[in-house]
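Chemist: Coordinates only, no sequence provided:
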């Protein structure tokens, strides 16, 4: 029953957009504007990119998680020992 209700609500959303029920549909997407107007700019929020994933840097990865970084501290040596005891093939980067 809940699934049927949700599907009818999702099917009704494009009909509201097509009829221009929301006067601020073409306005600039801002969170305060959406909260005031009851979330009419929901479609413009979904198209925005929220997170940025940087490109991997191998040198930084090896310096942070490599063998020398692990062996430099007591906690790092414990990590290496746990991986040895667990039987890991790769102990560090």
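Modeler: Sure, I can see it. Quick caveat: nothing in here was measured; it's all calculated off a predicted structure.
Chemist: pretty sure residue 62 is in contact with residue 56, am I right?
Modeler: No. The pair residue 62 / residue 56 is not scored as a contact, 11.2 Å apart, by Cβ atoms under 8 Å. (Glycine included, C-beta is placed from N, CA and C.)
Chemist: Which residue of the two possesses the greater neighbour count?
Modeler: residue 62 (14 against 7; other Cβ atoms under 10 Å).
Chemist: can you pull the contacts of that one?
Modeler: Residues in contact with residue 62 (Cβ atoms under 8 Å, 6 or more residues apart in numbering) are residue 93.
Chemist: Which phi and psi values does it adopt?
Modeler: phi -70, psi -40 (degrees, to the nearest 10).
Chemist: How much space separates it from residue 89?
Modeler: The spacing between residue 62 and residue 89, counted by Cβ to Cβ, to the nearest Å, is 18 Å.
Chemist: By mean pLDDT, point me to the weakest helix or strand of this structure.
Modeler: One helix or strand of the chain scores below all others by mean pLDDT, DSSP states H and E: helix 31-36, with a mean of 56.
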